[in-house]
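Q: sequence first, then the predicted structure:
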Amino acid sequence: MSDNELGLFLRVHREAVTPAAVGLPTGPRRRAAGLRRSEVAALAGVSVEYVTRLEQGRDRRPSPQVLSALADALRLTAGERVHLHRLTKAADPGYNCRGETVPARTVRPTVQALLDRLEPTPAVLLNRLSDVLAHTAGFARLAGPVGLLDAAAPNLARFVFTDSRARSAYPDWDHVADEQVAGLKEGPFRADPHLAALADELTVTAGDAFTRRVDAVAALAKSSGVLRLAHPEVGTLRLAYETLELSADDDQRLIVHLPADAATSAALDRLNSPRAQPLRLVVG
């Protein structure tokens, strides 16, 4: 697997920007929808050779001025600009912004109290390895029947990549798998020994489904969106999710799911309603 995350990030974002988005004409001979390296170079005021070196990983420490110019040329969001800066720091294989910290597996009382207040909304707390640390009962009613919570120590990435039930649970499995890899790569990734160990494990257990995404998917994972979940009891749900990042000391994220349409809202109401009690016959 490649360790050229900076080059991958720049290439993926270059290919995602259309010429029209930056005021350039779209000629009939253009073979790809995105920008050419020469166009990015012209917009950023650098040479084509330098853009090529960055994408190929032959130069991994561009100056702040060049980074800013490339971010402008690629129309990066604020979050993407922060991540681009982090990638230049992570070009040093010894760099790990988390130091020797172990992924948190405990839940602060106030965070647990927040989860309690969210009930019956489906919400789950994950650490940087995507370990499931805590969740609402509403989330258990969603995730339990599809098998996510069956493991003694549930982990979302392991479930997505190694449990065959995940492909049935997520109609858009390929997108979900891409997002899982993007989430794992948001931090120092292989410079973090705990993330490196999980990546090594998934390389063995999931094989190409995981490794080709590591080489092709550029972070960041989306912090919000709509997830489709095929629930065995109430059918396919469309869940709007929001990801709330806790402090760096917690190194955890809270994902809250809300109904994205009226049908899903009604289905969640059915899941959350008290189960009908069985009839008891009285003889005599």
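A: Received, thanks.

Q: quick one: the helices in the stretch 101-250 of the chain?
A: 109-118, 137-143, 156-162, 165-169, 173-184, 193-205, 208-216 (DSSP state H, counting those that start in this stretch).

Q: now do the third one: distance to the chain's middle.
A: Here helix 156-162 is found 13 Å from its chain centre; the criterion is C-alpha atoms, centre = their mean, to the nearest Å.

Q: tally of neighbours for Ala153?
A: Neighbour count of Ala153, defined by other C-beta atoms under 10 Å: 9. For the C-beta atoms, the positions are set from N, CA and C on the backbone; glycine is no exception.

Q: local confidence estimate at it?
A: Looking at Ala153, its pLDDT is 96.

Q: quick one: contacts for it?
A: Applying C-beta atoms under 8 Å, 6 or more residues apart in numbering to Ala153 gives the contacts 131-132.

Q: and of the helices of the stretch 101-250 of the chain, who's closest to Val46?
A: Nearest of the helices of the stretch 101-250 of the chain to Val46, taken as C-beta to C-beta: helix 208-216 at 25.0 Å.

Q: sorry, back to before: out of the helices of the stretch 101-250 of the chain, which is closest to Ser247?
A: For these, the distance to Ser247 is smallest for helix 109-118, at 10.3 Å, taking C-beta to C-beta.

Q: touching the closest one from outside, list them.
A: 107, 123, 125, 134-136, 138, 246, 250, 252, 254, 256.

Q: could you export it as CSV, CA atoms only?
A: C-alpha atoms of helix 109-118 as CSV (Å, rounded to 0.1, in the frame of the first residue of the first chain):
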residue,chain,number,x,y,z
PRO,A,109,-20.1,10.6,32.4
THR,A,110,-21.3,13.7,30.7
VAL,A,111,-21.0,12.1,27.3
GLN,A,112,-23.0,9.1,28.6
ALA,A,113,-25.6,11.6,30.0
LEU,A,114,-25.9,13.2,26.6
LEU,A,115,-26.5,9.8,25.0
ASP,A,116,-29.2,9.1,27.6
ARG,A,117,-30.9,12.5,26.8
LEU,A,118,-30.8,11.6,23.0
